[in-house]
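[1] Let me see the structure of the following:
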Amino acid sequence: MKIGQPADKPALTPTGTARAEPGDKAKTNGAAEGEASAKVVLSDVASALLSGTASAKADFDAEKVDRISKAIADGTYKVNAEAIADKLIANTQELLRKHAH
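    Numbers count the residues shown, from 1 in each chain. Coordinates of the predicted model:
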């Protein structure tokens, strides 16, 4: 399996993100120049992550990251395979319940 864009298909650029160089003609995909062709609405979580609010930062524990990084570096980090397997099963069950409704 190849990852990435096939050579025969150009990469897609979301509307409004491409920057035109001076002298280039902008492609508008049928919309008048300056007219939005799509509307994007961010969820509260996405907005919080983008704005860097305290609630988004509360999920990051720098001390824990430092402890784990040091344990990995010195070879003392132990993986709890049973806990990982339990979480994977629980997450899969949750996803299956959401899709069943």
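
[2] What's the first helix or strand after the helix or strand harbouring Arg67?
    Assigned by DSSP states H and E, Arg67 belongs to helix 62-74. Following helix 62-74 in sequence order, the next helix or strand is helix 81-100 (DSSP H and E).

[3] Give me the packing partners of that next one, helices and strands only.
    On a contact count with 3 or more Cβ pairs under 8 Å, 6 or more residues apart in numbering; DSSP states H and E, helix 81-100 meets no helix or strand. In this view, the C-beta of every residue, glycine as well, is placed from N, C-alpha and C.

[4] avg pLDDT for it?
    Averaging pLDDT along helix 81-100 yields 94.

[5] In contact with Ala71, which residues?
    For Ala71, the contacting residues are Tyr77, by Cβ atoms under 8 Å, 6 or more residues apart in numbering.

[6] Just the pLDDT for it.
    Ala71 carries a pLDDT score of 97 in this model.

[7] Tell me how far it lies from Ala48.
    As judged by Cβ to Cβ, to the nearest Å, Ala71 and Ala48 stand 30 Å apart.

[8] where does the chain have low pLDDT?
    Across the chain, the ranges flagged by pLDDT under 70 are 1-36, 53-58.

[9] Mind doing that once more with 80?
    Low-confidence segments of the chain (pLDDT under 80): 1-36, 48-49, 51-59, 101.

[10] Count the residues that sit near Arg97.
    The number of residues packed near Arg97 is 9, by other Cβ atoms under 10 Å.

[11] now do the same end-to-end measure for stretch 66-82.
    With Cα to Cα, to the nearest Å applied, stretch 66-82 spans 24 Å between its terminal residues.

[12] err, stretch 37-52, not the other one
    Stretch 37-52 has an end-to-end distance of 28 Å (Cα to Cα).

[13] Can you give me the buried ones in that stretch?
    Ala48 (16 or more other Cβ atoms under 10 Å).

[14] And Lys70, how close does it get to Glu82?
    24 Å.

[15] swap that for Ala71, sorry
    Taking Cβ to Cβ, one finds Ala71 at 18 Å from Glu82.
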